[in-house]
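>>> this one's structure only:
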């Protein structure tokens, strides 16, 4: 399905290589993955068994061949990689989050950029991942768990509410704004059907409001990245020019590396400091702007987390005690990231560690996904192509020997779940909703 004439006419006006752009609109989209360095060493990428080629957008990003069924691979279940549009990975590279910082992902679902931020932070500091739509926030939680993120707090709040609760709190803020989705035309026919000039204008108004809220959340000296997956100048350069006009405390910085320069559509600001990515550049479509709030940040970066004081039923699972703050809420147990603000309404914070059942604590899937095999007192390590691992991912009980107790199950050194060992069998605790069929 080709985009509407109004869209094509606009792009023809702006693009010197428009003919190539029009040709590519009818071609299949790029497919890519990002290696999750929280759980998997990029030096092992050959072990994934995929046809990989590095992208120009991110050192852990790769184009992937025509392989299908990536979501059913054992490596995917284990969180070794995340399926992601190659150009989308450029956004977090521009943000460049650092360990022990406070970072806000304002529009976070489904979680590709959130989990990439956590990898940059090396699971330290505090990452607030917000998603307004509740059911999308649950998808965000699931991806955070699969990729072993420990330092995140997932919220579902309106941007103005976050600004009210956490003013000048963050060192870095990402606004990957809801947009008209023109960069998704090759991937989603719905994006083509729903496009209209009126939809573009509506998105631009909403984006400016979100940016205003993001600005309030940032401390002096902090950095703000604004991104979209659309080509519309109203949602991109002109949105940034409007924001900078209203916020003289911000300066526009150059986005280095990938893509092509932004359009110079303002006499007041050098919008060529922003970056655009088109299919001609190797990605579906992305706009990235990097801004800095003037001044020096007065806040100290968060220090290393203390070791969690776990109850015996959980501590005996580990050989290396995880870091964080242990907390209980109702029947559920958590290991929270250090520095979580009091009173912040969260859907999930840190690691769901377990649930109290019949005066006992049953460990949670997320607890095991957050660790390495060496962190656990007991672990069964299986080859990615083994029949036993395939059976485990289908939810079947395994016949294997081991010490009795809750036991991690790993895919060649990457934990993918757990079971309970008794005699020569392992009772499967892999969540039903995640199992291969």
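Looks like it came in fine. Everything numeric here is computed off the predicted structure, so don't read it as measured data.
>>> give me the sheet partners of the biggest strand by length in the chain and which way each runs.
Using DSSP state E to assign secondary structure, the strand with the most residues in the chain is strand 218-228. The strands beside strand 218-228 in its sheet (DSSP bridges) come out as strand 170-176 (parallel), strand 286-293 (antiparallel).
>>> could you give the separation of the helix or strand just after it from the chain centroid?
Counting by DSSP states H and E, the element after strand 218-228 in chain order, helix or strand, is helix 237-246. Using CA atoms, centre = their mean, to the nearest Å, we find the averaged C-alpha position of helix 237-246 to lie 26 Å away from the chain's own average C-alpha position.
>>> cool, stretch 145-159 as well?
Relative to its parent chain, stretch 145-159 has a centroid offset of 9 Å by CA atoms, centre = their mean.
>>> same check on stretch 61-73?
Using CA atoms, centre = their mean, the distance from the centre of stretch 61-73 to the centre of the chain it belongs to is 18 Å.
>>> and for stretch 136-149?
Distance of stretch 136-149 from the chain centroid (CA atoms, centre = their mean) equals 8 Å.
>>> then stretch 30-49?
The chain centroid and the centroid of stretch 30-49 are separated by 15 Å, computed with CA atoms, centre = their mean.
>>> ok, now stretch 171-186?
Chain-centre distance of stretch 171-186: 13 Å, with CA atoms, centre = their mean.
>>> got the end-to-end distance for that stretch?
The first residue of stretch 171-186 is 35 Å away from its last residue (CA to CA, to the nearest Å).
>>> check stretch 75-88 too.
Distance between the boundary residues of stretch 75-88 (CA to CA) amounts to 21 Å.
>>> report the buried residues of stretch 80-90.
Neighbour counts over stretch 80-90 (16 or more other CB atoms under 10 Å) mark 80, 81, 82, 84, 85, 86, 87, 88, 89, 90 as buried. Yep, even glycine has a C-beta here, placed from its N, CA and C like the rest.
>>> let's see which of those end up in helices.
Residues of the buried residues of stretch 80-90 located in helices (DSSP state H): residue 90.
>>> circling back to that earlier point, for residue 147, find the nearest of the strands paired with strand 218-228.
Proximity of these to residue 147 was assessed by CB to CB; the nearest stretch is strand 170-176, lying at 16.8 Å.
>>> hmm, who's touching the closest one?
Contact partners of strand 170-176, identified using CB atoms under 8 Å, 6 or more residues apart in numbering, comprise 91-92, 95-98, 101-108, 113, 117, 128, 207, 210-211, 214, 217-219, 222-228, 297, 299, 301.
>>> of the buried residues of stretch 80-90, which belong to strands?
Where the buried residues of stretch 80-90 overlap with strands, as defined by DSSP E, the overlap consists of 81, 82.
>>> got the buried residues of stretch 80-90 as TSV, with pLDDT columns?
Below are these laid out as TSV (pLDDT from 0 to 100):
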residue	pLDDT
80	98
81	98
82	98
84	95
85	94
86	96
87	96
88	97
89	98
90	98
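>>> let's have the buried residues of stretch 80-90 in JSON lines, adding distance to residue 11.
What follows is those, written out as JSON lines (distance: CB to CB, whole Å):
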{"residue": "80", "distance to residue 11": "37"}
{"residue": "81", "distance to residue 11": "33"}
{"residue": "82", "distance to residue 11": "30"}
{"residue": "84", "distance to residue 11": "25"}
{"residue": "85", "distance to residue 11": "19"}
{"residue": "86", "distance to residue 11": "21"}
{"residue": "87", "distance to residue 11": "17"}
{"residue": "88", "distance to residue 11": "20"}
{"residue": "89", "distance to residue 11": "24"}
{"residue": "90", "distance to residue 11": "20"}
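>>> need the strands paired with strand 218-228 in CSV with mean neighbour count, can you?
CSV is the format used below for the strands paired with strand 218-228 (neighbours: other CB atoms under 10 Å):
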stretch, mean neighbour count
strand 170-176, 26
strand 286-293, 24
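>>> closest to residue 5 out of the ones you listed?
Relative to residue 5, the nearest member of these by CB to CB is strand 286-293, separated by 22.5 Å.
>>> helices or strands up against the helix or strand that comes right after that closest one?
Tracing the chain C-terminally past strand 286-293 and defining elements by DSSP H and E, one meets helix 312-315 next. On a contact count with 3 or more CB pairs under 8 Å, 6 or more residues apart in numbering; DSSP states H and E, helix 312-315 meets strand 351-357, strand 360-363.
>>> for residue 261, find the nearest of the ones you listed.
When the helices and strands packed on helix 312-315 are ranked by distance to residue 261, counting by CB to CB, first place goes to strand 351-357 at 42.0 Å.
>>> selection in ChimeraX covering whichever of the contacts of strand 170-176 are buried, please.
Of these, the buried ones go into a single ChimeraX selection, burial set by 16+ other CB under 10 Å:
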select :91,92,95,97,101,102,103,104,105,106,107,108,113,117,128,207,210,211,214,217,218,219,222,223,224,225,226,227,228,297
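>>> picking that back up, ok, so of the buried residues of stretch 80-90, who is nearest residue 47?
Among the buried residues of stretch 80-90, and counting by CB to CB, the member closest to residue 47 is residue 80, at 8.8 Å.
>>> measure the closest one to residue 382 for me?
When CB to CB, to the nearest Å is applied, the distance between residue 80 and residue 382 equals 14 Å.
>>> give me the common contacts of the two.
The overlap between the contact sets of residue 80 and residue 382 (CB under 8 Å, 6+ apart) consists of residue 411.
>>> the stretch 301-437 of the chain: helices as residue ranges?
Taking DSSP state H, counting those that start in this stretch, the helices of the stretch 301-437 of the chain run over residues 312-315, 365-369, 387-393.
>>> of all those, which lies closest to residue 72?
Of all these, the one in closest proximity to residue 72, counting by CB to CB, is helix 387-393 (8.0 Å).
>>> give the buried residues for that closest one.
Quick answer for helix 387-393 (16+ other CB under 10 Å): 388, 389, 391, 392, 393.
>>> stretch 405-416 now?
Judged by neighbour count using 16+ other CB under 10 Å, the buried positions of stretch 405-416 are 406, 407, 408, 409, 410, 411, 412, 413, 414, 415, 416.
>>> the first one contacts residue 417, correct?
It stands for residue 406. No. In this structure residue 406 lies outside contact range of residue 417 using CB atoms under 8 Å: 11.0 Å.
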